[in-house]
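>>> sequence and computational prediction follow.
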Amino acid sequence: MDCSTCQKCVELCPQKVELTEIFTLIKNKAFIEGKCPEGFISQGESVLNHGIAIPYSPAIMNRRKKLELPEVNPAPPEEIRKLLKETGFESYLTRWKEINVV
């Protein structure tokens, strides 16, 4: 089953397992090694350009509301871009493209 990106798993986990943190660590390692799907690169470029990987669509917001989850307030895009610049994120995007010849 595909992830609906609603974050319910994180908010309702009785063991307080930060599943999205685990997934993020795995994705980051794969990304740094140039071993990730093109979809991750698209998300990375979206973060770089817009400050968010997967914008919350009205459908996702409605789903969250039905699940009685709180409203999501993403960080300001300019703060995200500043962090990405400091970490050399763009160089990893370029490296991935060179390895995978997009």
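Looks like it arrived, so ask away.
>>> so for the helix or strand where residue 91 lies, mean pLDDT?
Element membership for residue 91 (DSSP states H and E) is helix 89-100. The pLDDT scores in helix 89-100 average 81.
>>> where does this structure have low pLDDT?
1-5, 101-102 (pLDDT under 70).
>>> grab the most central residue of it for me.
residue 53 (4.7 Å; CA atoms, centre = their mean).
>>> returning to what we had before: got the CA positions of the helix holding residue 91 in CSV?
Extracted in CSV, the C-alpha atoms of helix 89-100 (Å, rounded to 0.1, in the frame of the first residue of the first chain):
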residue,chain,number,x,y,z
PHE,A,89,22.3,19.9,-1.3
GLU,A,90,22.5,21.1,-4.8
SER,A,91,25.9,19.4,-5.3
TYR,A,92,24.2,16.1,-4.4
LEU,A,93,21.4,16.7,-7.0
THR,A,94,24.1,17.4,-9.6
ARG,A,95,26.0,14.3,-8.7
TRP,A,96,22.9,12.1,-8.9
LYS,A,97,22.2,13.6,-12.4
GLU,A,98,25.8,12.8,-13.5
ILE,A,99,25.6,9.2,-12.2
ASN,A,100,22.2,8.6,-13.6
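>>> from the middle of its chain, how far away would it be?
17 Å (CA atoms, centre = their mean, to the nearest Å).
>>> elements contacting it?
Where contact means 3 or more CB pairs under 8 Å, 6 or more residues apart in numbering; DSSP states H and E, helix 89-100 is packed against helix 19-32, helix 38-50. From N, CA and C alone the C-beta is placed, and that goes for glycine too.
>>> orientation of that helix relative to helix 19-32 in degrees?
Orientation check (axes from the mean of the first three to the mean of the last three CA atoms, to 10 degrees): helix 89-100 against helix 19-32 gives 60 degrees.
>>> for helix 89-100, which outside residues touch it?
Applying CB atoms under 8 Å, 6 or more residues apart in numbering, the external contacts of helix 89-100 come out as 31, 32, 34, 36, 38, 41, 44, 45, 47, 48, 84.
>>> having no further points to raise, I will conclude here.
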